[in-house]
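Undergrad: quick check, what structure comes out for this input:
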Amino acid sequence: MTLPLAYLNGRLVPFGTAALPLHDAGFVSGATVVDNARTFRHTLFRWGDHLARFRRDCEACYVPLDATDAQLTAAAEELVTHNAKLLPPGGELQLVTFATPGPLGFYLGEATNGPPTLGMVTYPLPFARYRRFFTEGVTLAVVGPHGESLLSPTVKHRSRMLWHVADHRARAINPCAVAVVTDGRGGLTETSVANVLAVVAGAVTSPPRETILDGISLDELVKKNTTG
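TA: All right, here's what the predicted structure looks like:
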């Protein structure tokens, strides 16, 4: 039985064996740029536009993309051609292209990071999932203005693309710098590696707790400071 393939770092491999190491920045920091493109009659739709957006976003997020457009196109077309043969009649594919900065050296005690990770996977378009949108319409529920965070900054999670970009920009100012991000009103929040504390009038203080990670060490320091 023919099995679906995936593309990973220059090779087509069985889908079930394609994996990232646990020290890849795509897993450790969620530093992954992605693009989704679908096929019509097993041909990628507006692939050139998808490719241009993907390359733009990789550059904006400091994720190296060494492959040329021709190489990416060849890989995508070969992958689609193979996996489309496994579809039922009338089936189409979704192609997901992704890139990460690659493995983080310090997790293994190494001085350097990389090389960057580049991959492509496909899955059958789930037409049944969206059919009711066309037959019944869609109900929308407003949950907040555009740009407002729906996830509290106190939550610790893997989506750290913001910090990946912030630290790159900080190192452009000073190679030894660590970025500290503001809250949009000029107030400091925290860094990618630690909370920010200051001693004011003999007391340890921090930015408003609702605007920063709920740090365990931060809590211990503030508790000790308030209890003497």
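Undergrad: ok, residue 116 to residue 59 distance?
TA: According to CB to CB, to the nearest Å, residue 116 and residue 59 sit 12 Å apart. C-beta: built from backbone N, CA, C; applies to glycine.
Undergrad: which neighbours do those two have in common?
TA: Among the neighbours of residue 116, those also in contact with residue 59 (CB atoms under 8 Å, 6 or more residues apart in numbering) are residue 65.
Undergrad: looking at these two, which has the bigger crowd around it?
TA: Using other CB atoms under 10 Å as the criterion, residue 116 and residue 59 rank with residue 116 on top: 20 against 12.
Undergrad: show me where the protein has its strands.
TA: 5-8, 11-14, 33-40, 43-44, 93-100, 117-124, 180-182, 188-191, 198-200, 203-205 (DSSP state E).
Undergrad: show me what the fifth one is packed against.
TA: Taking 3 or more CB pairs under 8 Å, 6 or more residues apart in numbering; DSSP states H and E as the contact definition, the neighbouring helices and strands of strand 93-100 are helix 25-28, strand 33-40, helix 47-60, helix 69-84, strand 117-124.
Undergrad: rerun that using 10 Å as the cut-off
TA: Contacting strand 93-100 under the criterion 3 or more CB pairs under 10 Å, 6 or more residues apart in numbering; DSSP states H and E are the following elements: strand 5-8, helix 25-28, strand 33-40, helix 47-60, helix 69-84, strand 117-124.
Undergrad: spatially central residue in the protein, please.
TA: residue 32 (3.0 Å; CA atoms, centre = their mean).
Undergrad: quick check: it touching residue 54?
TA: No - at 11.7 Å, residue 32 does not count as touching residue 54 under the criterion of CB atoms under 10 Å.
Undergrad: can you give me the neighbour number for residue 108?
TA: By other CB under 10 Å, 9 other residues sit near residue 108.
Undergrad: and it, what does it touch?
TA: 21, 23 (CB atoms under 10 Å, 6 or more residues apart in numbering).
Undergrad: quickly list what residue 40 is bridged to.
TA: Residue 40 has these beta-bridge partners by DSSP bridges: residue 43.
Undergrad: mind checking pLDDT for it?
TA: Residue 40 is assigned 94 on the pLDDT scale.
Undergrad: equivalent analysis for the one 10 residues further on, please.
TA: pLDDT recorded at residue 50 is 94.
Undergrad: distance of it relative to residue 94?
TA: Distance from residue 50 to residue 94, counting by CB to CB: 11 Å.
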